[in-house]
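Visitor: Need coordinates for the below:
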Amino acid sequence: MSRFFATGSDSESEESSSADEITPKAPGTTFKQSLLLSDDEEDTKRVVRSAKDKRFEELTNLIKTIRNAMKIRDMAKCLEEFEQLCRAFLKSKNIVDKEGVPPFYIRLLADLEDYLNQLWEDKEGKKKMNKNNAKALSTLRQKIRKYNRDYETEIAAYKENPQESADEEEEKEPEDSGASSESEAEDGDEGVSAKAFLKKKPEAAPEASKFLKSAKGSGDESTSSDEDDDEDWGSDTVDSGSESSDEGEGKSASLAVVFLKKTHDADKSSEKKLGKKKKPKKKERLEEEAEEEGGEEVEGGWEKVKGGVPLVKEKPKMFAKGTEINTAVVVKKLNEILQARGKKGTDRAAQIELLHALAAIAAENNLGQGILVKIKFNIIASLYDYNPNLAAFMKADMWKKCLDCIDELLDILFENNNIFIGENIAEDSENLGVSDQPFRVRGCVLTLVERMDEEFTKIMQNTDPHSQEYVDNLKDEGRVCGIIDRLLTYLENKGSTEEICRVYLRRIMHTYYKFDYKAHRRSLGLQGESKSEQDQEESEGEDSAVIMDRLCKFIYAKDRTDRIRTCAILCHIYHHALHSRWYQARDLMLMSHLQDNIQHADPPVQILYNRTMVQLGICAFRQGMIKDAHNALLDIQSSGRAKELLGQGLLMRNMQERNAEQEKIEKRRQVPFHMHINLELLECVYLVSAMLLEIPYMAAHEFDARRRMISKQFHHQLRVGERQPLLGPPESMREHVVAASKAMKMGDWRTCHSFIINEKMNSKVWDLFPETQRVREMLVRKIQEESLRTYLFTYSSVYDSISMETLSEMFELEIPTVHSIISKMIINEELMASLDQPTQTVVMHRTEPTSLQNMALQLAEKLGSLVENNERVFDLKQGVYGGYFNRDQKGGYQQKQSYQRDQKGSYQQKQQGYQRGGYRNQNQGNY
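Guide: Here you go, the predicted model:
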């Protein structure tokens, strides 16, 4: 029998005491017990706890802290607590060996590993993490993976059936706590076991639920109390509890029994705490309960509302009852709505709804199209103002509404020729009412369409380019172009020249980067595969080239602003280059003289210029103009930041170079993904062009000390390739070009060809061109010709004479082509030889110095420069400035003479110097 209660039956007191010891303390327990215990008893009470309980309690507390840290994504805290948990688990090793690994520990390890893997895969979330959390995430992930290897079987068993594992754990916990309570109790034989006690609990569940949910309790136990009583459920429960206990026990029960009743209920609520892990879908349960409550709702009951400011259910009435609705009243109401625009606390969505309602009222009362046009202008403006932040883009529903409104506005303007709109119309002189005079409305539909176009660009910039959403958004471009075309038709009749130029530029910007496949097929003489395709091609009308030509020429003739004309010229050049019209594109670029003052233009125009130059270079390459292609691409590629210059992304930089505000501005200038130029294709074209120019030049000027580099980037790639300790087969595009260069240097055109044109390079680069086969044939031809030149430069010293027929067979070129190449080399004094026509041979002339003589000349030149530098340093130390300058001037004159002589020597050197050595020897000679 419990020593705390003198009254009541033995069994009842024993049951209540065991219940007290099993369950955690309820919030009001201390207050209740203080009424029952004397001061002496309270002081002397001691709790004896086993080592197992202490250790497991320490572990559970740490686990609770880790789970809280997981909820708030505090990785640093997780890592710190996990390390403490590992140490605490190590301390309790003896207990674990006896009892086995506790299930709650296994559950945490499994959950934590899954949680960390989920965080690790969330790339966007990782970017938003601060530095400490990101570092802690990486460390903790490695530690947990390593740590969990020791518990693989237990974790696998838990993952197979997590619910069963949870149930087992919950059964174990009461057993353990029951055992400890039995050891503490005085009369263990008479006491009710914890297991038996727990088994009884589900029967009392409805009573416990009454404490958790008043509405539900009133539904279940409505026999004894009304709805009014339910509102004050706390006191009623106490009363009903005391009444029931009085009836059950008679007058022999004391005040303690009342509190035992409460404690018993507290036990039930604590049971819920023990079983809360069985109910992970708390939200769903609450929703179900809410639905049940909704079903039982009666008049005067509770109503569930959303948090925050209560929403207005009914639309506010526009006009008082009986008001005569005319144009003046509607305009006044419109101005009232607009005055709230931009004020703090104004609901923008509600404002748009009000404007729509006003438009409906105006249409219903036949107030004329003038007032309708004015309201439409304001609706579209309100839609644009919905996101006050410049960087934010329109949501999908707002975007659709905006397109619909602009279409409706254009419909009204096309149907009613008597509506004049313009920014120059003052508000006082507007004519919105129905009268004999035409409607006059202040506003500019062109500005609205330009803003719509900018919003479309922002939507594309802020959508993931590899998602289906991007494709869906891109489908709206057809609608955007349709609106621009309709506006173009409207302004051609009613707009000024300046407005026509602006709308023409918008149309050009949606056309210039698109390849016209149908025009390309027609130029090749190919017809559509089916009759429907042929009909479609016929119905489509003008080619994009004709449209571009018409729009751009109008702007060249009529535009007064340099910016629109510059953009039109660049777009026109880009379109020509994209469709392989190399000569028109080149001539237009040279005639425009844009390269002279483009640095003064604004950044978007500079980006457009860079894109045009790149497209021009790629076009020149397709046409076989290798030198022109290299020159066009040189500036972009040599900078090392082609991605940034083309507006296709930002490079990582220090915050000193670019602050957060500048970064936002630069992100707004980015080109949408569907307009990007393939950077790998661009680099490949540049490196192949550089190879075809640089390798023959290197062979020709092998021993020339003053030899210049044509392409620094190409040389850098060669040096990287030479530094490789182990040369395997090439994998990346750059490695393929380097391997091809080495083969070309030896005059081996077949190996060079196999490295440049193969399946891997085709899929990465060459198949992306519209005329793939023609480009490949051009490349093979160029490789053969340049390999022949390189071979003659490198090995001419080995031959006295060589047959052109042999060269023709070796490089698979026609004899006239070989004859042409060798003749050019002799005329340009690159090769000291002569052609013997009867025998069709090339006879070499022995005029150049030997390899040893070449090296001696280089040594003499370097020693001369060393002596001159020493003299200058000596004069500076002595302070003989006058003598230094005099001698320097004289020396400079002599140096000039020697330079002329060197030039002459180098001329002879040119005649012979290209034959021997390689890139490595040339580097050794230079350094």
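Visitor: shaky segments in the stretch 751-900 of the chain?
Guide: Across the stretch 751-900 of the chain, the ranges flagged by pLDDT under 70 are 847-849, 880-900.
Visitor: which residues in it form strands?
Guide: 801-803, 833-836, 841-844 (DSSP state E, counting those that start in this stretch).
Visitor: Other residues contacting the second one?
Guide: Right, strand 833-836. The contact list for strand 833-836 (CB atoms under 8 Å, 6 or more residues apart in numbering) reads 796, 801, 819, 822, 823, 825, 826, 841, 842, 843, 844, 845. Any C-beta I mention is one placed from the backbone N, CA and C, and that applies to glycine too.
Visitor: In it, which residues are buried?
Guide: Neighbour-count burial for strand 833-836 flags residue 833 (criterion: 16 or more other CB atoms under 10 Å).
Visitor: Over to the first one?
Guide: For strand 801-803, a neighbour-count test (16+ other CB under 10 Å) marks 802, 803 as buried.
Visitor: and that strand, what other elements does it pack with?
Guide: On a contact count with 3 or more CB pairs under 8 Å, 6 or more residues apart in numbering; DSSP states H and E, strand 801-803 meets strand 841-844.
Visitor: again, 10 Å this time
Guide: Here strand 801-803 touches helix 772-795, helix 815-827, strand 833-836, strand 841-844, going by 3 or more CB pairs under 10 Å, 6 or more residues apart in numbering; DSSP states H and E.
Visitor: Give me the sheet partners of it and which way each runs.
Guide: strand 841-844 (antiparallel) (DSSP bridges).
Visitor: Which single one of the contacts of strand 833-836 is nearest to residue 854?
Guide: residue 796 (14.4 Å; CB to CB).
Visitor: What's the local residue count around the closest one?
Guide: 23 (other CB atoms under 10 Å).
Visitor: Tell me which of the strands of the stretch 751-900 of the chain approaches residue 64 most closely.
Guide: If we rank the strands of the stretch 751-900 of the chain by CB to CB, the stretch that ends up nearest is strand 801-803, at 88.0 Å.
Visitor: what residues does the closest one touch?
Guide: Residues outside strand 801-803 that contact it (CB atoms under 10 Å, 6 or more residues apart in numbering): 791-792, 795-796, 809-810, 815, 818, 822, 833-834, 836, 839-844.
Visitor: in this structure, which ranges drop under the pLDDT threshold?
Guide: Judged by pLDDT under 70, the stretches of the chain that qualify are 1-47, 163-318, 320-322, 390-391, 526-541, 653-657, 704-706, 847-849, 880-927.
Visitor: hang on, the earlier thing: please tabulate the strands of the stretch 751-900 of the chain in a markdown table, including the columns distance to residue 773.
Guide: Formatted as a markdown table, the strands of the stretch 751-900 of the chain follow (distance: least, CB to CB, whole Å):
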| stretch | distance to residue 773 |
| --- | --- |
| strand 801-803 | 33 |
| strand 833-836 | 35 |
| strand 841-844 | 33 |
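Visitor: nearest to residue 133, of those strands?
Guide: strand 801-803 (71.0 Å).
Visitor: okay, now the domains of this structure?
Guide: 52-160, 325-444, 717-844 (the TED database).
Visitor: can you put those in CSV and add distance to residue 673?
Guide: Below are those laid out as CSV (distance: least, CB to CB, whole Å):
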stretch, distance to residue 673
domain 52-160, 17
domain 325-444, 14
domain 717-844, 16
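Visitor: out of those domains, nearest to residue 694?
Guide: Using CB to CB, these put domain 717-844 closest to residue 694, at 7.9 Å.
Visitor: Let me see the contact set for residue 378.
Guide: 334, 335, 337, 338, 341, 351, 352, 355, 358, 359, 443.
Visitor: Apply 6 Å and report the result again.
Guide: residue 355 (CB atoms under 6 Å, 6 or more residues apart in numbering).
Visitor: Now it: which helix or strand?
Guide: Using DSSP states H and E, the element containing residue 378 is helix 369-385.
Visitor: Would you mark the buried spots in that helix?
Guide: Buried residues in helix 369-385 (16+ other CB under 10 Å): 369-384.
Visitor: Then stretch 385-400?
Guide: 386, 387, 393, 394, 398, 399.
Visitor: can you redo the contacts of strand 833-836 as JSON lines with distance to residue 875?
Guide: Output for the contacts of strand 833-836, formatted as JSON lines (distance: CB to CB, whole Å):
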{"residue": "796", "distance to residue 875": "46"}
{"residue": "801", "distance to residue 875": "55"}
{"residue": "819", "distance to residue 875": "58"}
{"residue": "822", "distance to residue 875": "52"}
{"residue": "823", "distance to residue 875": "53"}
{"residue": "825", "distance to residue 875": "47"}
{"residue": "826", "distance to residue 875": "48"}
{"residue": "841", "distance to residue 875": "58"}
{"residue": "842", "distance to residue 875": "53"}
{"residue": "843", "distance to residue 875": "53"}
{"residue": "844", "distance to residue 875": "48"}
{"residue": "845", "distance to residue 875": "46"}
